[in-house]
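[1] just coords:
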């Protein structure tokens, strides 16, 4: 009697309880969006969720990438995006899908990112959902350009965390998109481990050093940075608009979903 004995359930009656759908009346269900983060990034999803606030739920998956973020290793993510997108709750509808990598979007190509994610999502969908419209793909480069355009900012001071070759690739892309980069500062981080460790105080200091008197905005580039709550006080201190990759992504999501 001192020992627990297993319960004999061979003759037990098991009742199936069907939840009453009326119990959800009056409650607001969050909008669900897919989130494809880098396998090495421990910050991006949490930071984007802070920027988004309540009412939007991230459903995440990961894409494999090398620990050293070079133009080549970032481009290598391209063929893996289709598989990653296929893991995003294939039997459920999502309102949008976010790809969380600014430099990766540039290395792979904006159109290629959207194509791979859409293809992977549709390929993994059950047959009953194949005819549905795919969820819109939102990537940070387009989101940042839109955020700067809203502010009427073309001349930019830019802060990046990347190693020099990756920073050069990113800067060249934004220049090619029509921005004038008055001053560019990069912090020389080889990968996400070092990028994720950067503090808001370090980013703020870098933004002060990067600020050029001719610039119309400061752009802090990279979704792997913890930037929630940074832009508003930094903007006041710099007397310039401050745009961050995750802040721009959050604004693009809300604008697209009208929430």
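    Yep, it's here. No experiment lies behind these values; they were computed from the predicted model shown.
[2] So what does residue 30 look like in phi/psi?
    Phi and psi for residue 30, reported as degrees, to the nearest 10, are phi -70, psi 150.
[3] shaky segments in the stretch 51-200 of the chain?
    Applying pLDDT under 70 to the stretch 51-200 of the chain picks out residues 127-133.
[4] ok, residue 153 - contacts?
    215, 216, 217, 241, 243 (C-beta atoms under 8 Å, 6 or more residues apart in numbering). To be clear about C-beta, it is placed using only N, CA and C from the backbone, and glycine gets the same treatment.
[5] can you map out the strands along the protein?
    Here the chain has its strands, by DSSP state E, at 31-38, 56-63, 97-99, 137-138, 155-162, 180-189, 217-220, 242-244.
[6] So what touches the shortest one?
    Contacts of strand 137-138 with the rest of the structure, by C-beta under 8 Å, 6+ apart, involve 96, 97, 98, 99, 113, 114, 117, 118, 249, 252, 253, 256.
[7] now do the longest one
    When contacts are defined by C-beta under 8 Å, 6+ apart, strand 180-189 is touched by residues 154-164, 167, 171, 174-175, 195, 198, 202, 206, 209-212, 214-215.
[8] Buried by neighbour count: which residues of it qualify?
    181, 182, 183, 184, 185, 186, 187, 189 (16 or more other C-beta atoms under 10 Å).
[9] Each with direction, which strands does that strand pair with?
    Note on strand 180-189: by DSSP bridges, its sheet partners are strand 155-162 (parallel).
[10] now what about the strand it pairs with, what contacts it?
    Against strand 155-162 from outside (C-beta under 8 Å, 6+ apart): 69, 103, 148, 166-167, 170-171, 174, 179-189, 194-195, 198, 203, 206-207, 210-212, 214-222, 224-225, 240.
[11] Run a quick neighbour tally on residue 67.
    12 (other C-beta atoms under 10 Å).
[12] any idea how far residue 208 is from it?
    30 Å (C-beta to C-beta, to the nearest Å).
[13] now swap in residue 246 and tell me
    Distance from residue 246 to residue 208, by C-beta to C-beta: 20 Å.
[14] Of those two, which one has the most company?
    Remark: of residue 246 and residue 208, residue 246 carries more neighbours, 32 against 15, as counted by other C-beta under 10 Å.
[15] My read is that that one contacts residue 48, right?
    Yes: if you go by C-beta atoms under 8 Å, residue 246 and residue 48 touch, sitting 4.8 Å apart.
[16] centroid residue for the protein?
    residue 100 (3.0 Å; C-alpha atoms, centre = their mean).
[17] so what's it up against?
    Contacts of residue 100 (C-beta under 8 Å, 6+ apart): 35, 36, 37, 38, 41, 44, 45, 48, 140, 223, 249.
[18] Let me know the closest of those residues to residue 59.
    Taking C-beta to C-beta as the measure, residue 35 is the one of the contacts of residue 100 closest to residue 59, at 6.5 Å.
[19] now the closest one: how far from residue 41?
    11 Å.
[20] How about residue 238?
    For residue 238, the distance to residue 41 (C-beta to C-beta) stands at 27 Å.
[21] Looking at these two now, which is surrounded by more residues?
    residue 41 (25 against 18).
[22] give me phi/psi at the more buried one?
    phi -100, psi 120.
[23] My read is that it contacts residue 192, right?
    Yes: look at residue 41 against residue 192 with C-beta under 8 Å: they come within range, at 4.7 Å.
[24] shared neighbours of the two, anything?
    Shared contacts of residue 41 and residue 192, counting by C-beta under 8 Å, 6+ apart, come down to residue 224.
[25] circling back: widest-spaced pair of the buried residues of strand 180-189?
    Longest span within the buried residues of strand 180-189, C-beta to C-beta: 182 and 189, 22.5 Å.
[26] Cool, thanks, talk later.
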